[in-house]
Each structure stands twice: as structure tokens, then as C-alpha cells.
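J.: pasted the sequence and its predicted model underneath.
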Amino acid sequence: MLLPFTKEEKVLNEKPFTDYEVQFNLVHRISEDEGAFLLRSQENDLVIAQSNIKFPMWVWINPKAKINIPEVIKKVDEIFQKQESFNIVTTPYFMSLFFEKYKCQYKVVMEMESYQCKEVIDPKHSQGELTLPTMDNLDIIGELYRGFIYDGFAKNVSKESQMESAKKLIQSGNLYTLKVDGEVVSMANIAHRAPRHGRINNVYTPLAHRKKGYASKLVADLSKLILEEGLTPVLFTDLSNPTSNKVYKDVGYTECGKVVQYKVEKN
């Protein structure tokens, strides 16, 4: 039986979920959204989390448990009954079980690896100063965010269209930049703090400043800040970008499991 739950319950803060929570760290973030859709199995071996119908559904399954897949499929059908397609983020293991029973077409949108860092390794030959940007840096942050969207999502947007997002990032107090000789050369953001983890995203270095160790220095320094808060730094990487995966491993990040975003087309 699938049951609704709220963030105030212990589901996301006790075993078995906590054994896999780096891999499914975004479930903590989703659970905080007003009106978030949250379901669990009776034994807490399955968690379904979705902010709203427009966003991907995250599905965690305990690989050691036996799950009633037809029941999950029935619930997924109920949720997406008015849509011809939908997105699910989960493990290949779960989707292999899902696709055995659910007749559909699907494609992989993105393969991601989850990482955590228990101890930072200072990068060699690193330089630069970790700084909090101000509104005086709005123009450069807008340009960096434009570049991040182009590199990460292959979307060619204007800097002007990203200025409001850049403003919000600065105002959050969680966006950090690396400065070298007074110039901003890289950026990264603490996207969310869960009970045991701080998640980093929006790591971006412009092409002109790459291969100089700036991203490594920035992520290392930011990870130290998170560790000083008593949290463990975590992040997700696109597996199609081997360079970024190497950068994180070099500063002390270790792999915690792959998740995949699938686009499912109903038959």
C-alpha cells in the first residue's frame, strides 16, 4: 500500500532511505515545497516525490526490498492520466522493473552521478579568493549564468533574460565566486541544505578561464564551508561531462550512485 507523508515525518530521516539519501538528495528539497506530492510504501522501502506535475517525479526504491511494481504503475498512471508523456528520475534498476510491466516508449534525458565529500583535498597550484558577490557584480553573474545554461542544457539564452535569476542568486547569500586579481573567474552555489548535507550546483567557469584549476579551488573552498557547518557536501554531475567528474574527484568527492532522468511516452 502506498501512503502519503509529510516532511515532518521520519521517512526521509531514518533507514532505509538515509542509506541512499546522497543519491536521492533532491527528495529533501522537493519535500519542502508547498503542495509537494509525497508517497511512501508501508515499509518505507519506496518513496515517490514530485514538486508538481510540471517537474520530474523522483522515485527511490530500496534495492534490497520486494516492491509491488503494478501498484506503483497504477499510481503513476493516476498522476499522469492527462499527459501523453512524463519524466521520472530514478535508478536504472527501478526502471528495468517498471518497463517490464509498463508498455511505453522512453528515452534517457540525462545520466547523473551523485557525489559526497567527507574530507577536502586541496587542489595543487590553486589560487584565487572565495567571495560573496554583490549587486555590483550583477552583470558578470548574469553572463556566467547564461554560459552555465548554454553548457549544461544547450540552450542559447541572452544575458538580459537571466538577470532576474542572477539577482536572486546574489540575494540568496549562497552564491560564491572565485576572484583572481580582482576578476571573477568562476562561480558555484549552495543550492540547498538538508538535515545532513549541503548540495552544490551551478558550478561554472567561462571558457577563457578554464584549465587553470579555478573550479577545483572554488568547489574545494565551498565544500570546506559546508563541512564547517557540520554538513556533508554533495553534488550531482552530468555523466556526459567527464571533465567535471574528474574535477570533483580530485578535490575529495566520491561516487554515491547513479540516477537517470527518463522521458516516458505512453503507448
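T.: Arrived safely.

J.: give the buried residues for stretch 70-84.
T.: Judged by neighbour count (16 or more other C-beta atoms under 10 Å), stretch 70-84 contains these buried residues: 72, 76, 79-80. Quick note: C-beta positions are derived from backbone N, CA and C, even for glycine.

J.: apologies, that question was intended for stretch 142-162.
T.: For stretch 142-162, the neighbour count (16+ other C-beta under 10 Å) marks 142-149, 151-152, 159, 162 as buried.

J.: quick check: the gap between residue 151 and residue 178.
T.: Using C-beta to C-beta, to the nearest Å, we find residue 151 at a distance of 17 Å from residue 178.

J.: nearest to residue 21, of the buried residues of stretch 142-162?
T.: residue 152 (23.7 Å; C-beta to C-beta).

J.: what's near enough to touch residue 87?
T.: Going by C-beta atoms under 8 Å, 6 or more residues apart in numbering, residue 87 touches 55-57, 109, 261-264.

J.: let's go with 10 Å and repeat that
T.: Taking C-beta atoms under 10 Å, 6 or more residues apart in numbering, we find residue 87 in contact with 50, 54-58, 80, 106, 109-110, 261-264.

J.: same question, residue 52
T.: Residue 52 neighbours (C-beta under 10 Å, 6+ apart): 30, 33-37.

J.: what strand or helix carries it?
T.: For residue 52, there is no host helix or strand (DSSP states H and E).

J.: look up how far residue 55 lies from the spatially most central residue of the chain.
T.: The chain has residue 236 as the residue nearest its centroid, 5.0 Å off, counting by C-alpha atoms, centre = their mean. Residue 236 is 15 Å from residue 55, where distance means C-beta to C-beta.

J.: what pLDDT does residue 103 get?
T.: The per-residue pLDDT reported for residue 103 equals 84.

J.: cool, the one 5 residues further on as well?
T.: Per-residue confidence for residue 108 comes out at a pLDDT of 96.

J.: again, but for the one 3 residues further on
T.: pLDDT recorded at residue 111 is 97.

J.: now for it: which residues touch it?
T.: Neighbours of residue 111 in contact, by C-beta under 10 Å, 6+ apart: 92, 237-240, 258-261.

J.: that one in helix, strand or coil?
T.: Local secondary structure at residue 111 is given as strand here, using DSSP: H, G, I helix; E, B strand; the rest coil.

J.: that one and residue 245, how far apart?
T.: Distance from residue 111 to residue 245, by C-beta to C-beta: 11 Å.

J.: tell me, what's touching the two both at once?
T.: Taking C-beta under 10 Å, 6+ apart as the criterion, residue 111 and residue 245 both touch 237-239.

J.: who wins on neighbours among those residues?
T.: Of all these, residue 237 has the most neighbours under the rule other C-beta atoms under 10 Å, reaching 22 neighbours.

J.: how about that one, what does it touch?
T.: 111-115, 203, 243-249, 253, 255.

J.: quick check: it is in a helix.
T.: No - with three-state DSSP as the criterion, residue 237 is strand rather than part of a helix.

J.: strands of the stretch 101-250 of the chain, start to end?
T.: 104-117, 129-131, 175-180, 183-193, 197-204, 232-238 (DSSP state E, counting those that start in this stretch).

J.: name the member of the contacts of residue 237 with the most neighbours.
T.: residue 253 (26 neighbours).

J.: local confidence estimate at it?
T.: The model's pLDDT for residue 253 equals 98.

J.: check contacts around the nearest residue to it once chain neighbours are set aside.
T.: In space, and not counting its chain neighbours, residue 253 is closest to residue 115: 4.0 Å by C-beta to C-beta, 6 or more residues apart in numbering. Contacts were defined as C-beta under 10 Å, 6+ apart; by that measure residue 115 touches 22-23, 200, 233-237, 245, 248-249, 252-257.

J.: residue 157 touches residue 166, doesn't it?
T.: No - assessed by C-beta atoms under 10 Å, residue 157 is found out of contact with residue 166, at 11.8 Å.
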